[in-house]
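**Q** the sequence and its predicted three-dimensional model are supplied below.
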Amino acid sequence: MIELKGRGGRPRSEQAREAVLHAVDDLLLEVGYAALTMKGIAMRAGVGRQTVYRWWSTKAEVLFEACVDDAEEELAVAPTRTPLAEITSYLDALVRFLAHSPAGAGYRALLAAAQHDPAVKQLIATKDVLSASASAVLNRVDPARPADDQAIARLIGPAFFWIMSGRDPAQLDTHELARSFLQDLGSEVP
């Protein structure tokens with residue numbers, strides 16, 4: 001077992017942190033959010049329960065940190081030659097994240113929990129990983145027009161609704177969504 005000193009002692013072990021974040025992803029997929037416990041996370045990670053509680057107060061906090069870390073990586077897309085290719089690439093990453101990624105499963109579970117748990121709602125409001133990633137892409141596509149909440153919602157919304165409503169992600173045409181999005185913005189689309 002990996003043990004750490006409290007917040008007043010040495011900094012937490014990165015090895016223990018990674019073990020906990022991997023454990024929460026694995027357990028979420030195995031048992032679901034409702035059955036996820038801090039004790040189970042600690043056991044799976046091979047650390048003491050007090051180690052987990054020293055750094056996170058709730059299972060939602062652990063899951064949120066795991067989601068944010070992974071989402072930032074999974075939703076980062078490389079610049080491309082055309083706005084259409086860049087928006088399509090981002091939408092492809094968004095669909096992969098929401099429909100196929102363990103981090104996306106965690107994000108969806110947290111969104112569901114936030115509908116009836118004010119603490120989870122407040123937690124996920126602290127960092128909007130979808131908006132941050134969409135904003136980065138939109139600002140590259142059109143630096144003269146900074147991304148605003150409306151543009152971000154129009155970009156994310158259709159794919160988000162599709163996945164969250166249980167539709168088959170393979171049936172979503174991200175290229176057509178990107179084309180439509182750019183046309184709505186008034187951009188010329190080849």
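**A** Sure thing, it's come through.
**Q** all contacts plus neighbour counts: C-alpha atoms, from now on.
**A** Will do.
**Q** so the residue most central in space within the chain is in which element?
**A** By CA atoms, centre = their mean, the chain has its centre lying nearest to residue 71, at 4.0 Å. Here residue 71, judged by DSSP states H and E, is contained in helix 59-74.
**Q** contacts only, for residue 82.
**A** Residues in contact with residue 82 (CA atoms under 8 Å, 6 or more residues apart in numbering) are residue 141.
**Q** typo on my end, residue 58
**A** Applying CA under 8 Å, 6+ apart, we find residue 58 in contact with residue 38.
**Q** phi, psi of it?
**A** With angles defined as degrees, to the nearest 10, residue 58 sits at phi -140, psi 160.
**Q** quick check: mean pLDDT of the helix holding residue 71?
**A** Helix 59-74 shows a mean pLDDT of 94.
**Q** give the next helix or strand downstream of it.
**A** Using DSSP H and E, the next helix or strand after helix 59-74 towards the C-terminus is helix 83-100.
**Q** and the helix holding residue 71 with helix 83-100, angle?
**A** Angle, helix 59-74 to helix 83-100, by axes from the mean of the first three to the mean of the last three CA atoms, to 10 degrees: 150 degrees.
**Q** flag every buried residue along helix 59-74.
**A** For helix 59-74, burial by neighbour count (16 or more other CA atoms under 10 Å) applies to 59-68, 70-71, 74.
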